[in-house]
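Novice: The sequence and its predicted three-dimensional model are supplied below.
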Amino acid sequence: MNRSVYNPFQTAQAQFDHAADLLELDQGARDLLRNPMKEFHFSIPVRMDNGRIKVFRGFRVQHNHARGPAKGGIRFHPQETIDTVRALSMWMTWKTAVADLPLGGGKGGVVCDPHNLSPREQEQICRGWVRQVLKNVGPYSDIPAPDIMTNTQHMLWMLDEYEAIQGEHFPGFITGKPVGMGGSQGRTEATGYGVMIAVREALKELSVNPENTTASVQGFGNVSRYAIELFQQMGGTVTCVSCWDQIDQTSYAFRKKDGINLDELLSIADPFGGIIKEKAADLNYEVLPGSTWMEQEVDILVPAALENQLNADNIKNINSRVKLIAEGANGPTTPDADQFINKKNIFLIPDLLANAGGVTVSYFEQVQSNMNYFWEKEEVLGKLDVKMTSAFIAVSDFAKANKLNMREAANVIAVSRTADACRNRGWI
Ligand code: NAD
């Protein structure tokens, strides 16, 4: 993993600077938008199952709330850093703006590895996180959600802690809750499906029939599973997926040239999205080094694992057949890799747009929670399709009209909408 080599916050700021230059943004707006407005750093003491106290480091960053309450996930990761959380909070501001949701951007994290924590210890981390930021989050100020290695159960523990302290019900405090406990139908599928709705629209522009396309996907977690599901429903073939192996502490790619079987791989995956390689080999998958996922001879690459996965060291290894990259993960491409992709004329759907389906249905969940009335799954997924399609068309039209690539267009639209909101409020 290249997490330490590239600083995602520097990437986010470089992307912002470029958008600000294109917009000829004034210095005041740059100074405000280039950094988060608020940051919370805290310690979460937890009595572990062995009776000892262990202190975990937690963060919440609120980048901007001019367009509405801050919104963004909480990640559990052993290498979590404040700069990763800062970058992700900034990207959330841009993402909610591109999707045209009445929300701002935030992100949180805890430096921990849930693989090595019992459910009780994880519950204590969740409850401790809420106690530390209680006064600074809430349904009308900052609404957390799940992200890497956090799930519906973690969200429910957090909600329960918030409501227990407040003494009232606030189902709109957090999203990603279980269905039946304030969660929205379709939230689990939303990010992955959204990625493929964007791919569908991009293929239309490229005049390519999805039924004739192949894809390789990095990651086998929440985003990639549903992206694969919808892509297969569209008639596409996924030939390779890669994921992290917790035991070997490395990644592997699993290839079947005539197409992977999603259900089969799901049946041999752990709850964190790792595929058990011995079982995959028994099912006749080729087990390859993880890095080979991007070298496959396919039409579409979907990085849906971590940031910085397409970078200067490896971008030249992508196969010349690749015509489309859809960024399921946040920040999977470094700026130098971005330049290479541009030069090769590969159509790139940037993260802000490609994975906006998650926050879109999170917003739907919040709306449903606040009114305590819940929609059917078809209604949620229909509304998701409308939002994703119109966001894609807005970015693509803007790109064509202004001779920009898709990332530049998405960034310029997002920064411009956010700067307008700040200006309208009289902040700048
Ligand atoms: P997840 O924890 O469910 O899955 C992550 C997957 O990545 C797992 O399969 C894991 O094995 C794999 N992985 C980790 N390190 C790897 C490596 N070095 N090489 C190959 N595979 C590796 O996470 P997720 O929710 O699917 O999120 C994936 C990405 O999408 C993250 O960047 C996240 O920020 C972003 N994202 C998620 C959502 C959401 O709704 N879940 C929304 C927007 C963006």
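Specialist: Ah, there it is. Numbers count the residues shown, from 1 in each chain.
Novice: And the contacts of stretch 238-246?
Specialist: Contacting residues not belonging to stretch 238-246 are listed as 115, 214-221, 224, 228, 231-232, 250-260, 262, 265, 269-270, 272-275, 277, 288, 290, 292-293, 296, 298, 305 [Cβ atoms under 8 Å, 6 or more residues apart in numbering]. (Each C-beta comes from the backbone N, C-alpha and C, glycine too.)
Novice: How about stretch 380-392?
Specialist: By Cβ under 8 Å, 6+ apart, stretch 380-392 touches 98-100, 184-187, 189-190, 193-194, 197-198, 201-202, 349, 353, 356-357, 360-361, 364, 375.
Novice: quick one, what contacts whatever residue of the stretch 51-200 of the chain ends up closest to the ligand?
Specialist: The nearest approach of the stretch 51-200 of the chain to the ligand comes at T191, 3.6 Å away (Cβ to the nearest ligand atom). Listed by Cβ under 8 Å, 6+ apart, the contact set of T191 reads N222, V223, Y226, A227, G328, N355, G357, G358.
Novice: So what's the residue count around the first one?
Specialist: So the one you mean is N222. 23 (other Cβ atoms under 10 Å).
Novice: Just the ones in helices from the contacts of stretch 238-246, please.
Specialist: Members of those lying in helices (criterion: DSSP state H): S224, I228, F231, Q232, L262, L265, K277.
Novice: For the residue of the chain found nearest the ligand, which non-adjacent residue is spatially closest?
Specialist: Of all residues in the chain, the one sitting closest to the ligand is G221 (1.8 Å; Cβ to the nearest ligand atom). Counting by Cβ to Cβ, 6 or more residues apart in numbering, G273 is the residue found nearest to G221 once chain neighbours are left out, at 3.4 Å.
Novice: quick one, phi/psi of the one you found?
Specialist: Main-chain torsions, G273, degrees, to the nearest 10: phi 90, psi 20.
Novice: P303 now?
Specialist: Dihedral angles (degrees, to the nearest 10) for P303: phi -70, psi 110.
Novice: In contact with the closest residue to it other than its chain neighbours, which residues?
Specialist: Closest residue to P303 apart from its sequence neighbours, by Cβ to Cβ, 6+ apart: P332 at 3.7 Å. The contact partners of P332, by Cβ under 8 Å, 6+ apart, come to Q218, P303, A304, A305, L306, E307, N308, Q309, L310, D351.
Novice: could you redo the last one with a cut-off of 7 Å?
Specialist: Residues near P332 by Cβ atoms under 7 Å, 6 or more residues apart in numbering: P303, E307, N308, Q309, L310, D351.
Novice: what pairs with the lengthiest strand in the chain, and is each one parallel or antiparallel?
Specialist: The longest strand of the chain (DSSP state E) is strand 53-64. Using DSSP bridges, strand 53-64 pairs in its sheet with strand 38-47 (antiparallel), strand 105-111 (antiparallel).
Novice: How is the residue lying farthest from the centre of the chain assigned, secondary-structure-wise?
Specialist: In the chain, counting by Cα atoms, centre = their mean, G51 sits farthest out from the average C-alpha position, at 35.4 Å. Classification of G51 by DSSP: H, G, I helix; E, B strand; the rest coil places it in coil.
Novice: Now do the phi/psi pair for it.
Specialist: According to degrees, to the nearest 10, G51 has phi 90, psi -10.
Novice: List of residues touching stretch 254-261?
Specialist: T237, V238, T239, C240, V241, L265, I275, A280, Y285, E286, V287, L288.
Novice: could you redo the last one with a cut-off of 6 Å?
Specialist: For stretch 254-261, the surrounding residues in contact (Cβ atoms under 6 Å, 6 or more residues apart in numbering) are T237, V238, T239, C240, V241, I275, A280, Y285, E286, L288.
Novice: residues contacting the last one?
Specialist: Each residue near L288 by Cβ under 6 Å, 6+ apart is listed here: A253, R255.
Novice: pLDDT at it, what is it?
Specialist: Here, the pLDDT recorded for L288 equals 98.
Novice: how close does it get to Q122?
Specialist: Separation of L288 from Q122 (Cβ to Cβ, to the nearest Å) stands at 32 Å.
Novice: E80 now?
Specialist: Taken as Cβ to Cβ, the span from E80 to Q122 is 15 Å.
Novice: can you check D248 too?
Specialist: 24 Å.
Novice: ok now do I318, which residues does it touch?
Specialist: M294.
Novice: If we use 10 Å, what do you get?
Specialist: By Cβ atoms under 10 Å, 6 or more residues apart in numbering, I318 lies in contact with 216, 294-296, 298, 301, 310, 325, 337, 340-341, 344, 346.
Novice: Quick one: which of these is the most crowded by neighbours?
Specialist: Ranking those using other Cβ under 10 Å puts L301 first, with 30 neighbours.
Novice: ok, which residues in the stretch 101-250 of the chain are in contact with the ligand?
Specialist: Residues of the stretch 101-250 of the chain lying close to the ligand by Cβ under 6 Å from any ligand atom are 147-149, 191, 218-224, 242-244.
Novice: if we can go back for a sec, out of the contacts of stretch 254-261, list just those in strands.
Specialist: T237, V238, T239, C240, V241, E286, L288.
Novice: buried set for stretch 165-176?
Specialist: Residues of stretch 165-176 classed as buried by neighbour count (16 or more other Cβ atoms under 10 Å): F170, P171, G172, F173, I174, T175, G176.
Novice: try stretch 176-183
Specialist: G176, K177, G182, G183.
Novice: Quick one: residues contacting the residue lying closest to the last one once chain neighbours are set aside.
Specialist: Spelled out, it's G183. Nearest-residue entry for G183: K177, 3.9 Å, with adjacent residues in sequence omitted and distances by Cβ to Cβ, 6+ apart. The neighbourhood of K177, defined by Cβ under 10 Å, 6+ apart, consists of 145-146, 152-153, 155-156, 158-159, 171, 183-184, 187, 365, 369.
Novice: element containing R86, please.
Specialist: Assigned by DSSP states H and E, R86 belongs to helix 82-98.
Novice: So what's the model's average confidence on that helix?
Specialist: 96.
Novice: Can you tell me which of the strands paired with strand 53-64 is most buried?
Specialist: Greatest average neighbour count among these goes to strand 105-111 (a mean of 27), per mean count of other Cβ atoms under 10 Å.
Novice: Quick one: work out the angle between it and helix 82-98.
Specialist: Strand 105-111 runs at 150 degrees relative to helix 82-98, counting by axes from the mean of the first three to the mean of the last three Cα atoms, to 10 degrees.
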